[in-house]
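Peer 1: pasted the sequence and its predicted model underneath.
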Amino acid sequence: MIRTGLLLCLTLGVLTLCSCATVNLDTRSLAQPVQMNTGNEPGYTVIKSFTVNDKAGWVLIIPANQPAGDDQEYLAEILRREIAAAGGDAAINVRVRVQSQPLDYLTMIGTLGFYTTRTVTVTGDIIKFN
């Protein structure tokens, strides 16, 4: 019984250490300019700040939903939608954060590592050029 428990803990530990996530942000397909920092010339007015949270999930190493997939259009679509909703011209100060929450770890442990989730947060400011 002790050997089974030790083997299970070792397996879970290895699965935990082997997990990884990649989020790609490629804004080249946007019609509107996107800037990752504010730059030196503020020829614009910030009209709205935004925060979008989503869950990325993997079944073993296979993406289970859009934020986890290889399609880089996911993040570009968030920026398009936020710029259009605010009536802005561009997005600046764009930040992408991928992190594991306690519930993500519980999900992974509960499924013995077969299903893994991460929280993806995209934030930034929508601007209107002067």
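Peer 2: Yep, it's here. Residues are numbered from 1 along each chain as shown.
Peer 1: the helices in the protein, which residues?
Peer 2: For the chain, the helices defined by DSSP state H occupy 2-18, 73-86, 102-110.
Peer 1: looking at these, spot the one closest to Val122.
Peer 2: helix 73-86 (5.3 Å; Cβ to Cβ). Where you see a C-beta, it was placed from the backbone N, CA and C, and this is true even at glycine.
Peer 1: buried stuff in the closest one?
Peer 2: Buried residues in helix 73-86, defined by neighbour count with 16 or more other Cβ atoms under 10 Å: Tyr74, Leu75, Ala76, Ile78, Leu79, Arg80, Glu82, Ile83, Ala86.
Peer 1: could you do stretch 89-106 as well?
Peer 2: By neighbour count on 16+ other Cβ under 10 Å, the buried set for stretch 89-106 is Asp89, Ala90, Ala91, Ile92, Val94, Val96, Asp104.
Peer 1: stretch 107-123 too?
Peer 2: Result for stretch 107-123 [16+ other Cβ under 10 Å]: buried residues Thr107, Met108, Gly113, Thr116, Thr117, Arg118, Thr119, Val120, Val122.
Peer 1: for the closest residue to the first one other than its chain neighbours, give me its contacts.
Peer 2: Of all residues not flanking Thr107 in the chain, Thr117 sits nearest, at 5.3 Å (Cβ to Cβ, 6 or more residues apart in numbering). Thr117 makes contacts with Lys55, Ala56, Gly57, Trp58, Ser100, Leu103, Asp104, Thr107, Met108, as judged by Cβ atoms under 8 Å, 6 or more residues apart in numbering.
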